[in-house]
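J.: with the sequence up front, the predicted model follows.
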Amino acid sequence: MVPAKPSTVEFLRLETIREILRSDGPCITMLLPARHAGESAGSSMSLIKTQIQSAARQLAERKLSPSEAASLLYPLEQLVFDPMIVSGSHWGRAILRSPSVFQQFHLTRPVEASLAIGGSFSIRKLVPELAFPHLFYILALSKERITLLRCADLQSEIAPLPAGVPKTVAEALELKPPDHDLENRSAVGSSTGTMHSVRFGTGSGRETQHAHLADYYKLVDRGLQKLTHERDIPLILAGLDEDVAMYRSISGYPHLVQKAILGSPDVARAQSEMLQQAFSILGDETSERHAIALSTAKENNAPARFSTDPDAALQAAFEGRVSQLYVDESAKKIGTFARGTFRSFGAEDLLNLAAVQTILHDGEVCELRSEKMPEGAIAVAIMRF
């Protein structure tokens, strides 16, 4: 039995979840939503107590002995003393408890409070989190200056700009008083390193300002490509529509995210809000990529390797034959299942069980909206063989 003290709260990792999913039941999954400003700490405490009472009733109904139930629930009961819950959080939380596991994870996407008990942990709401990159950048744009945020796990910090990239257009220009030439060249400061000079026109009006800004953004974009050095690190733009559109039009960054955080960026005061928006954007992009992949898979795979039968998908998942599993995010298939050493601990969501087995056998799981699923299917399995 694991220690009864509350665990630390971690950022979700696929390798961690895969190991946890090997746990025998009964498995308790509690999801807690983020607590928004103005909500009392008592609301979180009340929610946890209500879920624990519900878990106790369900364990009794499923004939777990009182001593086993008490041992299983004790660490959950201690959560009411957890200072992180009392103080609240911008992030939701997943709490996983079985006879051998007590783990807590931050959730970046909104969730409703829920409790599930079964032979496996309920991980469908966690699946989108598993696709998030371990590292990404937010580039906050304005006509005066740029700010680069380095985002890792649930933390963001202002990162130094690449060598040779000035913080502002004015610093980049460093122009002498206007003369009769139509253009000047600026060496972009004293710390240019190997960066090339940038062409700046010396005309007047909005057109010249536009050219200055475009040249500056080109300099920034080249610097960021050197910074990431061919690693697959996503970059999310933040700023007003016109600034974002201009940067996107000149950028050669290979992993520039299509959606942006729109509005005047206030990095100093709204850093956490920008991070939350960034996770939402990354989740939407991942979902869209999966929808395209599913459409392509339907066209390219033989019928024997493309199944919309949820029962066949579940059997194949246990056999390790499912390479990709797509599930309608609004659908459930409640039932019991037994295979080998696995036994359902009462009725549970069999689509979740298929997802668990797919992950355990190194397959990929994603949830899509109903309209993205083919022909009204609630699950699609792409078979390895």
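T.: Arrived safely, thanks for sending.
J.: domain boundaries for the protein, per the record?
T.: The record assigns the chain these domain ranges, following automatic domain parsing: 1-130, 135-290, 301-385.
J.: could I get these as CSV with mean pLDDT?
T.: Formatted as CSV, the domains of the chain follow (pLDDT from 0 to 100):
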stretch, mean pLDDT
domain 1-130, 86
domain 135-290, 79
domain 301-385, 94
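J.: possible to save the ones you listed as CSV with mean neighbour count?
T.: Just so you know, the C-beta spots here come from the backbone N, C-alpha and C atoms, and that holds for glycine as well. Shown next, in CSV, are the domains of the chain (neighbours: other C-beta atoms under 10 Å):
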stretch, mean neighbour count
domain 1-130, 17
domain 135-290, 16
domain 301-385, 18
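J.: end-to-end on stretch 93-105?
T.: 6 Å (C-alpha to C-alpha, to the nearest Å).
J.: and that stretch, how far out from the chain middle?
T.: Between the centre of stretch 93-105 and the centre of its chain there are 19 Å (C-alpha atoms, centre = their mean, to the nearest Å).
J.: what residues does it touch?
T.: Residues from elsewhere that reach stretch 93-105 (C-beta atoms under 8 Å, 6 or more residues apart in numbering): 1-3, 6-12, 16, 20, 23-32, 68, 71-73, 75-76, 79, 85, 106-107, 111, 121, 125-126, 129.
J.: helices - which of the residues you listed land there?
T.: Among these, the residues falling in helices (DSSP state H) are 16, 20, 68, 71-73, 75-76, 85, 129.
J.: how far away is the nearest residue to Thr336 once chain neighbours are set aside from Glu129?
T.: Counting by C-beta to C-beta, 6 or more residues apart in numbering, Ser344 is the residue found nearest to Thr336 once chain neighbours are left out, at 4.1 Å. Distance of Ser344 to Glu129, computed by C-beta to C-beta, to the nearest Å: 25 Å.
J.: check Ala297 too.
T.: For Ala297, the distance to Glu129 (C-beta to C-beta) stands at 23 Å.
J.: same question, Phe337
T.: On the measure of C-beta to C-beta, Phe337 and Glu129 end up 25 Å apart.
J.: can I get stretch 312-329 in CSV, CA atoms only?
T.: Listed next in CSV are the C-alpha coordinates belonging to stretch 312-329 (Å, rounded to 0.1, in the frame of the first residue of the first chain):
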residue,chain,number,x,y,z
ALA,A,312,-13.7,-5.1,-32.2
ALA,A,313,-11.6,-2.1,-31.2
LEU,A,314,-11.6,-3.2,-27.6
GLN,A,315,-10.6,-6.7,-28.4
ALA,A,316,-7.9,-5.6,-30.8
ALA,A,317,-6.6,-3.1,-28.2
PHE,A,318,-6.0,-5.9,-25.7
GLU,A,319,-4.2,-7.8,-28.4
GLY,A,320,-1.9,-4.9,-29.1
ARG,A,321,-3.1,-4.5,-32.6
VAL,A,322,-4.4,-0.9,-32.4
SER,A,323,-1.9,1.7,-33.6
GLN,A,324,-4.3,4.6,-33.5
LEU,A,325,-7.6,4.9,-31.6
TYR,A,326,-10.0,7.8,-32.3
VAL,A,327,-12.9,8.2,-29.9
ASP,A,328,-16.0,10.5,-30.0
GLU,A,329,-15.4,12.8,-27.1
